[in-house]
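I'd like to go over a predicted model; first the sequence, then the structure.
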Amino acid sequence: MEWAVLAAGAVLLAVATANASDVVGDPEAGAETYNTVCEGCHGVSIAPTLRGVIGRPIASVATFTGYSEALKSKSAMSWTEANLDAFLTAPGTFAPGTLMTQTIPEAQRRADLIAYLATLPPPR
């Protein structure tokens, strides 16, 4: 029975991710989402910086020591747009045990946020 639940979750995640890839993101709208939803944690030491996140290996910000084991186990992967989309859709499905609980269920809003994050240069 447990495998059926996991399989159903994987199918839903795949459908959500496939749908989001068809959506074009608006960085300006994404900036608003970042400022209202993400910055409270990612703008301070509660969560790692999102500057330069696109293409960066998961759980790799050296100055952030609070990564969960769930994200550390994904360190061979990078934060691609698809991985960010999956994580923002359902963090606990992408990385079971992650400390991230905030979701962005709307495909357009996720695409906007990812488009905005792509504009942020890596920290100096």
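Yes, it's here. Numbering: from 1, shown residues only.

hey, let's count contacts and neighbours off CA atoms from now on
Noted.

The one residue sitting closest to the centre of the chain sits in which helix or strand?
Centroid check for the chain by CA atoms, centre = their mean gives residue 84 as the closest residue, at 3.5 Å. Per DSSP states H and E, residue 84 falls inside helix 81-89.

what is the rounded mean pLDDT of the helix or strand following that helix?
As assigned by DSSP H and E, the chain's next helix or strand after helix 81-89 is helix 91-94. For helix 91-94, mean pLDDT rounds to 98.

again with stretch 56-73
In the prediction, stretch 56-73 has an average pLDDT of 96.

Stretch 100-119 too?
pLDDT averaged over stretch 100-119 gives 97.

Could you list the buried residues of it?
100, 104, 107-118 (16 or more other CA atoms under 10 Å).

which one among those residues gets closest to residue 92?
Closest approach between these and residue 92, by CA to CA: residue 100, at 7.7 Å.

other SSEs contacting the helix holding residue 84?
helix 2-21, helix 91-94, helix 107-117 (3 or more CA pairs under 8 Å, 6 or more residues apart in numbering; DSSP states H and E).

7 Å instead, please
Counting contacts by 3 or more CA pairs under 7 Å, 6 or more residues apart in numbering; DSSP states H and E, helix 81-89 is packed against helix 2-21, helix 107-117.

In terms of pLDDT, where does the residue nearest to residue 103 when sequence neighbours are not counted sit?
Among residues not flanking residue 103 along the chain, residue 88 sits closest, at 5.2 Å (CA to CA, 6 or more residues apart in numbering). Here, the pLDDT recorded for residue 88 equals 98.

so residue 88 sits right up against residue 104, yeah?
Yes - between residue 88 and residue 104 a contact is recorded at 5.5 Å, counting by CA atoms under 7 Å.

Check which residues of stretch 37-44 are buried.
In stretch 37-44, counting by 16+ other CA under 10 Å, buried: 38, 42.

sorry, back to before: let me see the contact set for the residue nearest to residue 103.
Counting by CA atoms under 7 Å, 6 or more residues apart in numbering, residue 88 touches 103, 104, 110.

Switch these over to JSON lines, and while doing so, append distance to residue 59 to every line.
Output for the contacts of residue 88, formatted as JSON lines (distance: CA to CA, whole Å):
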{"residue": "103", "distance to residue 59": "18"}
{"residue": "104", "distance to residue 59": "20"}
{"residue": "110", "distance to residue 59": "20"}
